[in-house]
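Asker: show me the folded form of this:
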Amino acid sequence: MSATTLMDLQYLIENGELNKMIFLFFITFILCIFTHELGHLIMAKLVNCKVNLFSIGFGTPIIKKEIGGTIYQITLFPIGGKCDLKGELEYSEDDDAFLNLSLTKKILISIAGITVNIVLGIVTFLLGFHYRNVPLMFFGGLSVILGITNLIPTFPCLDGSYLIYYPLIIKKFGKKEGIKIIKLIVHISLKIAVILNILSIPLLIWMFIKGVFNVSY
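Answerer: Alright, predicted model coming up:
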């Protein structure tokens, strides 16, 4: 760290602002995840795809409630989110299973979270820039980044991969065998993605704090 960076950090600690900023960062981070998964949830409901679980975070739930056949929960570890669709990673012959939806409906569900992140992110960033509000700017920037990174098919667990790998594997191996392969690679890539998310948090927190400090102090 540079001398200026250390002085900034010392100033925030001495004035009791550091904890508030870290808390605000996590609220912003969780909101980005929530809006992303909410996009998937709404679109799935619109195209009559059953949603088994809507979760903010992974692990043991601290809040859990079933509404309309869907379990909604918030967990102890809210770094991530999940909109678990029926027939997404398991074989099903039901019409409301993701596996049996038309390609158009699969695409609409897959890009819904991305679309919400990018559109909402751009609008929020511009509002934050106009009013010199760093939390809004950070939310907007992080939301756009989340949307774009989910669009790029780097990990099989990301939305962009569902547009490419999912239909290709199902076409090559059939629904029964293909879904088993998809489930395996999605679970492996999800673990890697969670680890990378955790490792990136310190950097994101510092970027957030520096942005607030530079605008406010």
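Asker: can you name the element that comes right after the worst-scoring helix or strand of the chain on mean pLDDT?
Answerer: One helix or strand of the chain scores below all others by mean pLDDT, DSSP states H and E: helix 3-14, with a mean of 48. Sequence-wise, the next helix or strand downstream of helix 3-14 (DSSP states H and E) is helix 18-46.
Asker: next one: that following helix to chain centre, how far?
Answerer: Relative to its parent chain, helix 18-46 has a centroid offset of 7 Å by CA atoms, centre = their mean, to the nearest Å.
Asker: what packs against it?
Answerer: helix 3-14, strand 51-67, strand 70-85, helix 103-131, helix 134-151, helix 159-216 (3 or more CB pairs under 8 Å, 6 or more residues apart in numbering; DSSP states H and E). (C-beta placed from N, C-alpha, C; glycine too.)
Asker: and the fifth one, what's buried?
Answerer: Neighbour-count burial for helix 134-151, with 16 or more other CB atoms under 10 Å as criterion, is recorded at 134-144, 146-147, 149-151.
Asker: need the max-distance pair from these.
Answerer: Val134 and Leu151 (25.7 Å; CB to CB).
Asker: any regions of the chain where pLDDT drops low?
Answerer: 1-18, 209-217 (pLDDT under 70).
Asker: what residue lies at the spatial centre of it?
Answerer: Ile33 (3.8 Å; CA atoms, centre = their mean).
Asker: now that one. Nearest residue, chain neighbours left out?
Answerer: Gly81 (4.3 Å; CB to CB, 6 or more residues apart in numbering).
Asker: need the contact list for the one you found.
Answerer: By CB atoms under 8 Å, 6 or more residues apart in numbering, the contact list for Gly81 reads 33-34, 36-37, 55-57.
Asker: and if you look at Leu99?
Answerer: 87-88, 91-92, 170, 175, 179.
Asker: where's it relative to Gly68, distance?
Answerer: For Leu99, the distance to Gly68 equals 21 Å [CB to CB, to the nearest Å].
Asker: same question for Lys172.
Answerer: Relative to Gly68, and taking CB to CB, Lys172 is found at 35 Å.
Asker: how about Thr115?
Answerer: Distance from Thr115 to Gly68, by CB to CB: 23 Å.
Asker: do the same with Leu31
Answerer: Distance from Leu31 to Gly68, by CB to CB: 24 Å.
Asker: between the two, tell me which one has more neighbours.
Answerer: Leu31 (17 against 8; other CB atoms under 10 Å).
Asker: got a list of what the nearest residue to the more buried one once chain neighbours are set aside touches?
Answerer: Nearest residue to Leu31, sequence neighbours excluded (CB to CB, 6+ apart): Phe139, at 6.4 Å. Residues near Phe139 by CB under 8 Å, 6+ apart: 28, 31-32, 121, 124-125, 128.
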